[in-house]
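>>> following is a predicted model, sequence given first.
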Amino acid sequence: MVFHLKTILTLKTDKTMKRFLILAVALLVALPNFAQKLTKEEKAAQQKALYETMIKALEEKDWAIVPTSYDNEGVSEQLTDNGIFISYEKTHMFMQGWTVCANSYTNIAEVKEYEIIKDKKGNPKKVVIMVQGRHIQGKYQLSLPKVDSGNVVDVIFQPSSGSARKFQGPVVPSKVAGFYKKSNPE
C-alpha cells in the first residue's frame with residue numbers, strides 16, 4: 001500500500017510540475033506583450049532630450065558620430081562598426097574609417113571653420129565644418145533633425161579631391177559615443 005501511495009504522490013507531483021512548467025513558458029511568451037509601451041508624450045520627451053543633448057554637444061564642440069548607415073551608390077547600407085567615427089574633442093577633430101573620411105588612417109585634423117547655421121526661428125539647422133590634416137582636407141556638412149526630433153544627423157563629407165561620402169548617425173557627447181580609436185593616429 002505504501003508503494004502505491006508513493007507512486008500516486010509522484011504522479012501528482014509530475015502533473016503539478018508539468019502544469020507549472022507550461023504556465024511558466026506561457027508567461028515568458030506573453031510577458032513581452034504586456035510590457036509597458038511608451039506613450040506618445042513619453043516618446044516626444046525622449047526625442048526632445050536627445051535633441052537638446054545633441055545641440056549642447058555641438059555648441060561645446062565635444063561630440064562624436066558613429067555612423068549607423070551610409071550611402072553606397074544610392075543604396076543605404078547599415079553599419080555596426082564602432083571603429084568608424086568622427087569626433088570633435090575641444091580643439092581637434094578625429095576621423096577614422098573609409099566611410100567617413102575617404103582614407104584608412106586615423107586622422108587628426110585642425111578645424112579651419114566651424115559654423116552652426118540657424119533657420120529663421122533661430123533653431124540650429126546645419127553645421128558646416130572645414131578640416132585640414134596631414135591626410136585629410138575637406139568639408140563636413142551635418143544636416144540636423146527638426147527641433148525636438150532626436151539626434152540623428154545626415155552627414156556629407158566632401159574631400160578636397162575625390163567623391164563625396166554620405167552617412168547618417170546620432171550625435172552624442174564624445175565621452176559616451178563608444179567608438180574605438182586606433183592607438184596610432186596619423
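Nice, thanks for sending it over.
>>> where does the protein have its least confident helix or strand?
helix 2-34 (a mean of 60; mean pLDDT, DSSP states H and E).
>>> contacts only, for the closest residue to Met54 other than its chain neighbours.
Distances taken as Cβ to Cβ, 6 or more residues apart in numbering place Asn151 nearest to Met54, at 3.9 Å, with adjacent residues excluded. Where you see a C-beta, it was placed from the backbone N, CA and C, and this is true even at glycine. Counting by Cβ atoms under 8 Å, 6 or more residues apart in numbering, Asn151 makes contact with 50-51, 53-54, 145, 170-172.
>>> which two among these are spaced furthest apart?
Pro145 and Val172 (13.6 Å; Cβ to Cβ).
>>> these two touch, right, Asp62 and Thr91?
No. Asp62 is beyond contact range of Thr91, at 10.2 Å (criterion: Cβ atoms under 8 Å).
>>> show me which of the two is the more surrounded one.
Asp62 (15 against 8; other Cβ atoms under 10 Å).
>>> low-confidence stretches in this protein?
Scanning the chain for pLDDT under 70 picks out 1-18, 20-21, 23-36, 184-186.
>>> let's see 90
For the chain, the stretches with pLDDT under 90 are 1-45, 70-83, 89-91, 97-99, 101-106, 135, 147-149, 161-163, 174-186.
>>> please enumerate the helices of this protein.
2-34, 40-60, 98-101 (DSSP state H).
>>> isn't Glu59 right up against Tyr114?
No. In this structure, Glu59 is not within contact of Tyr114 by Cβ under 8 Å, at 10.4 Å.
>>> neighbour count winner among these two?
Shown here are Glu59 and Tyr114; by other Cβ under 10 Å, Tyr114 has more neighbours (15 against 12).
>>> surely that one and Val131 touch.
No. Using Cβ under 8 Å, Tyr114 is not in contact with Val131; the gap is 9.4 Å.
>>> top strand in this structure by residue count?
The residue-count maximum for a strand in the chain (DSSP state E) belongs to strand 106-118.
>>> run me through the strand neighbours of that one, direction for each.
strand 92-96 (antiparallel), strand 124-133 (antiparallel) (DSSP bridges).
>>> residue contacts, Leu144?
54, 124-127, 153.
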